[in-house]
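A.B. asks: here is a sequence together with a model predicted from it:
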Amino acid sequence: MTTENMEQPKTDFILSEEQTMLRDTAKQFFSEQVPISNLRKLRDEESADGIDRDVWKQASELGLAGILIPEAYGGTDFGITGMGLVMEEAGRTLAATPLFSSSILSTLVLLEAASEDLKQAILPAIAAGEMIVAVALEESGHHNPAAISLSAEKKDGGLVLNGRKTFVLDGHIADKLIIVARSKGQKGDTNGLSLCLVDANSDGLKVSRSKMVDSRNSSEVTCENLTVSADMIIGTIDDGAAPLESALDQARILLSAEILGGVNEVFERTLEYLKERKQFGVPIGSFQALRHRASAIFSEIEICKAVVTFALSQSDKKSNQIARLASLTKARLGEASTLVSNEGLQMHGGIGMTDDVDVGLFMKRARVQLQLLGDPRFHRERYARLNGY
Amino acid sequence: MTTENMEQPKTDFILSEEQTMLRDTAKQFFSEQVPISNLRKLRDEESADGIDRDVWKQASELGLAGILIPEAYGGTDFGITGMGLVMEEAGRTLAATPLFSSSILSTLVLLEAASEDLKQAILPAIAAGEMIVAVALEESGHHNPAAISLSAEKKDGGLVLNGRKTFVLDGHIADKLIIVARSKGQKGDTNGLSLCLVDANSDGLKVSRSKMVDSRNSSEVTCENLTVSADMIIGTIDDGAAPLESALDQARILLSAEILGGVNEVFERTLEYLKERKQFGVPIGSFQALRHRASAIFSEIEICKAVVTFALSQSDKKSNQIARLASLTKARLGEASTLVSNEGLQMHGGIGMTDDVDVGLFMKRARVQLQLLGDPRFHRERYARLNGY
Amino acid sequence: MSNLETFREETRAWLEENCPASMRTPMPDEEQPWGGRNPSYPNPDTKVWMERMAARGWTAPTWPTEYGGGGLNPDENKILLQELKRIDARPSLNSFGIWMLGPALLEFATEEQKQKYLPPIVRGEIRWCQGYSEPGSGSDLAGLQTKAEDMGDHYLVNGQKVWTSYADKADWIFCLVRTDTSVKHEGISFLLIDMETEGVDPRPIKLISGSSPFCETFLTDVKVPKENLVGELNKGWTIAKRLLEHERAMISGMNMGAGEASLGGMEELAKEVFGELDGMIAHPTLRDTVTKHKMDEEAFNLTLRRTGELAKAGHGIGAEASIFKFYGSEMNKRRFEILLELLGTNALTTEGEGHDQDVMDISPQWLRSKGNSIEGGTTEVQLNIIAKRVLDLPEGGQA
Amino acid sequence: MSNLETFREETRAWLEENCPASMRTPMPDEEQPWGGRNPSYPNPDTKVWMERMAARGWTAPTWPTEYGGGGLNPDENKILLQELKRIDARPSLNSFGIWMLGPALLEFATEEQKQKYLPPIVRGEIRWCQGYSEPGSGSDLAGLQTKAEDMGDHYLVNGQKVWTSYADKADWIFCLVRTDTSVKHEGISFLLIDMETEGVDPRPIKLISGSSPFCETFLTDVKVPKENLVGELNKGWTIAKRLLEHERAMISGMNMGAGEASLGGMEELAKEVFGELDGMIAHPTLRDTVTKHKMDEEAFNLTLRRTGELAKAGHGIGAEASIFKFYGSEMNKRRFEILLELLGTNALTTEGEGHDQDVMDISPQWLRSKGNSIEGGTTEVQLNIIAKRVLDLPEGGQA
């Protein structure tokens, strides 16, 4: 893979040659090195890490961990669309890696707001896959950045954190955490947040692993008088909400690309099954009721492809519509993946209910993705608000 | 038809013999005397009344106009279930009569709250079909009794009305109107309403006919210093909300019975069409996609039958659940009739789009019924509130 | 005093005396009274209660006394059920033998077979499982391929059954087997097989929701005595259809309302998670979603009641079970989707410090609910049945 | 200066001079420029504008000049359209001849036919209508029964067409007729018929939404010269299929956004009816419904754009038109359902004192929208096409 900057596509929907190459590389990597059996193995062997460190090393060597990171910080700088293509392929094999937590969410926060010193200290290590950084954001079962209440008291130019976080993706294997804390105002205020970078082994920090239904990992994080020095604040104190929101929007779009990968995979597998499985002497895909449902699903997927592709390309173009598009995309893909995984399972019939068949794993992953960074209801409300109605 | 009191059914769902006879009588009357061609004629000839007075006379002679009215006031007293059976049959032929406006809505308001004198003065005339009474309730495009603001100032023990009403069913042919006015509190308050009985030719009252998409009639009503004497107040001043709401609930259930009649009729006609119409050499009802949709619709109709029948029988039993059940029923039937008329029309294909075929008339009627006395959204909210969540 | 009143008094007195106190408490899963050759009784009262009830034939109250049943008429049976409910008595015996096989034997078996099989069922001595589905059959149940060859004095059975609930714990299996390969429905027979016979190998199936009572059951050169055939040779489909209707009705009534019980109801849950506004769920669009579902539930329950009354009055429409199965399973799936939405990521956590076990128990139930519209005849099969039997729509379209 | 820049400058100058001022204003329905033998010009500028454009061949800008067209290449055509849009010019000619028949003639007709029929189309002298559907055919278009018998020197046509738009105003009709009854698709021919021929009788159809441009057209012993056959005998289905794809694409792009324009957009309407709360629609559940629809619209528009770009780059999937037709028409139906819900009984009023005409105009449009998923191939037909052509699902199932 080249480390040159990728040429921007001439249109909003068509990939450049280099993007196509990147996608092919990613497809080959995930299908060969991180097939679904990889996730099953991590699950069944109750892996302590919940990820395969060898796989992550290989991915990083391919440059995948640094796609969003500029060359100056050791990244491959293929942009949001490039990362979207990788995520789509990762979604097809349910690859459990720190790609989203570290190389997307944390990286975007750092890129949005970190000082030059911090960027130089952290980004090259992320790009090399040598450091895993996780973002500790949520405090309840529902995504809601404005509702953050983990308290950050000002002291000696830095902050002292007290409170609890939940659903911290890959928190238990993170070398560093970015903790989103409230240093001003109160729960419900959009502003008044600070972004704090802390070492995993800091005094006053407790990280406890959780397991999720998709066999991936998150953590509960507790801060008790956790001291953050001034130079470990990403951006300026109290002003973390804006860069956080910008990072979240790009992450929502990239997550949607991963969802699209899963949606495509489930639909393709279901289509195969409809052609192969016979009942009453004919393939079940010849029954009109199933044909019509499959056609409607396919139409929905075509719409999803357009939405994701456009949102990715607009992100690369730094469009001022990214927030709206992120909500459109995340809501749409959440609804589509619910539809496709439910229909995929029903069309598979009894065999789809067994753990041996992968369609159930996709359903579980889809449900976690649905909640992550806001479910469709959250994003419909946000889309309406951003549109002024 | 007998004028004896109808025996209550022993169960909540099974008709007594007398109820079955009443239904058969109604079925015969509407199918023979008021077929759909009757509505078409009223429409195409631009009837000034918008109803067929001969038909109404016959219906009244059969006792249909007085079904809710006790024998003491000249009615046939067959109860809510009896009236529900009649409405269901009326719904099947889209019969345009003052049955709902006068013999249901106005009658129920009078029964709930009127003085003995008023009852004796009005109910026998309604039961005989000699007087048409209409309720003037709505003030906007959406049903909302609490939002009533037509003002009623107290004067000499009576009221002086000023304001405007819309969507007054059969207002232009009514001999008397029951005007729901606000004598206390303000728009948005549930209480503080008064029910005023006024002559159609009162000074200060202006009634102007409107036409609706279902080819039935409503009116715009304006009151300008319209004086209502104390003895023309139904119930007591300021206390009209409770009897009104009770009357509305029973009316909502009876309207749902009419909707059910339309739903049944459209579905049966569609089923016939699916069996007759051939495409690609076979009846279109043999295509699985249509079969499945028809089966799902049928299941929904079975549910509607249970809901309507139960709500009717509970009304007769004066259950304290009527408000909840009215909202359940009106919401459910509104949703079902939307589904069935849309699917019925789509399954009829191009011919369903022509005015020659009746399915479009049912769709138009269903839409007016949907809005009348609250659409599904209104009733879902109300159901939740009544259930305490 | 009428006979029925006497019966009620006597029953009440007998139950008062004979139902152990611990059998009047909520039943943990592991104390389910399945009986069988190798029963498990973590609570010894379970055994006592079963044996006392069985002695009166009340584990199968309406079966004839000559086969060990209670011989109760419908009115008496109703009273027994009421009295059991009055004291919150646990079931005395869970049994596919009583629920499914027994009625079929009473209708289709020889006198000898009835004498042999029914009494041990009533006494909970033999635990049965059902061998209908096969990996290749699914919705097309009659396409089953498990073959029983006539070897003169016995049948030689080869094939594979799937979705055999508790096959790994059952003593016997009632099976549909193919005895004629030249025809479809008319080539199926109904066979009883002892699970201890050589060549019978049940293996538990892991579901997407976790471990399950379901098994795959492999049948390899299994020798089955010819007297184990129920009904006529090649007439097994008639028995199967009867059993399927029964199963459908049973499934549609199951699972309703489960899951949220421990959480206090969907509407309470919504208030807890999102707070209240004037006593109402503070999240207006989720409130609407919850309300739609509550309306669905109330309407569906009314439909069940209506159908019950109509059936009693002899006005069945013939495919009620399919409507209930279709609507009930789809509704139950929606219910868990809403519960998951209400609980967010908390319900998606399977292990985690500070997480409530009741909440974490929801996701396996959500996954399990996906099977509701597949097992016991898929939603698609139910819709086909309604179209054919009730709507009388023509078949054979291919577009 | 490049050729294209020159072209743009010249075009702009010519339009500036030749497009009458009244042709740059919004067009009332009655001033639609349909041309034809008996044209209607309530505004005489309509005729001037059409004739000036026709003289340059710009009523059919990309057709070859030898048939009266403009002979423009795609780049020039794009510039012309941009310049027309720049001055808000009205269309100079509405014509099924240009939109549908012309492209078919250019591909399938003889040189003589092209010379005869194309120039009058360009000049707006002959108005065409389409005779495809029949009362018995519907979704099964190839099942058409209108028969054209070979009488030696002419065809004798008997049958009935339906949904022939503007047949009562058209001069000629292009028709599918059956010329061989022994086969289905291979027995259809493409015939041109002068509407003034004896035996042609168009009758307008009244729709549920009111009067309509549609007609039933009865054809009784209509004599049609043999030279009016386009393409080979019995090969008309090939032409028909081409035209249908074209029609599907046209319909899916139509009607979008109509209806609410006069009311200021669904979201504004919702604010107006239910008020605002912090600048948002004050009714939270209806707001959610409106939002879902707005998301649908934005997502669908992005899909149209994507498909356009892919098509240009040669990556078509082959059934885009069916997806658009399916999704677009279902979405449009939902749109009107939401508008009706927002407006309540006001939109259901058709005549009434104090009622706003714009609001009363919604219900006919709502009713008309129900036809979107029927005309131009039903939603069911589109889903069949996607299943067959894109998903490659097998056919022939009968369960």
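C.D. replies: Ah, there it is.
A.B. asks: count of residues packed around the residue in the stretch 251-399 of chain C that chain D sits nearest to?
C.D. replies: Sorted by distance to chain D under CB to the nearest CB, the residues of the stretch 251-399 of chain C start with residue C:284, at 3.9 Å. Yep, even glycine has a C-beta here, placed from its N, CA and C like the rest. Here the number of neighbours of residue C:284 (other CB atoms under 10 Å in any protein chain shown) works out to 17.
A.B. asks: once you drop chain neighbours, what's closest to it?
C.D. replies: The shortest distance from residue C:284 to any non-neighbouring residue, by CB to CB, 6 or more residues apart in numbering or on different chains, is to residue D:284 (3.9 Å).
A.B. asks: what do you get for residue C:57?
C.D. replies: Nearest non-adjacent residue to residue C:57 (CB to CB, 6+ apart): residue C:70, at 3.7 Å.
A.B. asks: how is that neighbour assigned, secondary-structure-wise?
C.D. replies: coil (DSSP: H, G, I helix; E, B strand; the rest coil).
A.B. asks: was I right about it contacting residue C:55?
C.D. replies: No. Between residue C:70 and residue C:55 there is no contact under CB atoms under 8 Å: 10.4 Å.
A.B. asks: so these two - more neighbours on which side?
C.D. replies: residue C:70 (21 against 13).
A.B. asks: list the contacts of the more buried one.
C.D. replies: By CB atoms under 8 Å, 6 or more residues apart in numbering or on different chains, the residues touching residue C:70 are C:56-58, C:60-63, C:77, C:80.
A.B. asks: ok, now with 6 Å
C.D. replies: C:57-58, C:61 (CB atoms under 6 Å, 6 or more residues apart in numbering or on different chains).
A.B. asks: swap in residue C:359?
C.D. replies: Residue C:359 sits in contact with C:343, C:346-347, where contact means CB under 6 Å, 6+ apart.
A.B. asks: please flag which of those residues sit within helices.
C.D. replies: When DSSP state H defines the helices, the subset of these inside them is C:343, C:346-347.
A.B. asks: using CSV, lay out the residues you listed together with pLDDT and distance to residue D:123.
C.D. replies: Shown next, in CSV, are those (pLDDT from 0 to 100; distance: CB to CB, whole Å):
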residue, pLDDT, distance to residue D:123
C:343, 97, 70
C:346, 97, 72
C:347, 97, 70
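A.B. asks: now for residue C:66, how many residues are close by?
C.D. replies: 12.
A.B. asks: for it, which three-state class applies?
C.D. replies: Secondary structure, three-state DSSP: residue C:66 is helix.
A.B. asks: do residue A:165 as well
C.D. replies: strand.
A.B. asks: that one is in contact with residue A:136, isn't it?
C.D. replies: Yes. Applying CB atoms under 6 Å as the test, residue A:165 and residue A:136 come out as touching, 4.0 Å apart.
A.B. asks: what about the two, which has more around it?
C.D. replies: Neighbours were counted for residue A:165 and for residue A:136 using other CB under 10 Å; residue A:136 has more, 29 against 26.
A.B. asks: on that earlier part again, filter the ones in helices among the contacts of residue C:359 down to the ones near chain A?
C.D. replies: The overlap between the ones in helices among the contacts of residue C:359 and the neighbours of chain A (CB under 6 Å from any CB of the partner chain) comes to C:343, C:346.
A.B. asks: shared neighbours, residue A:165 and residue A:136?
C.D. replies: Common neighbours of residue A:165 and residue A:136 (criterion: CB under 6 Å, 6+ apart): residue A:221.
A.B. asks: hang on, the earlier thing: I'd like the contacts of residue C:70 laid out as CSV, including secondary structure.
C.D. replies: Listed next are the contacts of residue C:70 as CSV, based on three-state DSSP:
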residue, secondary structure
C:57, coil
C:58, coil
C:61, coil
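A.B. asks: just curious, which of those residues is nearest to chain A?
C.D. replies: Out of the contacts of residue C:70, the member with the shortest distance to chain A (by CB to the nearest CB) is residue C:61, at 33.8 Å.
A.B. asks: by contact count, what packs against the helix or strand of chain C with the lowest mean pLDDT?
C.D. replies: Ranking every helix and strand in chain C by mean pLDDT, DSSP states H and E puts helix C:236-253 at the bottom, with a mean of 77. For helix C:236-253, the packing partners by 3 or more CB pairs under 6 Å, 6 or more residues apart in numbering or on different chains; DSSP states H and E come out as helix C:102-108, strand C:188-194, helix C:320-343.
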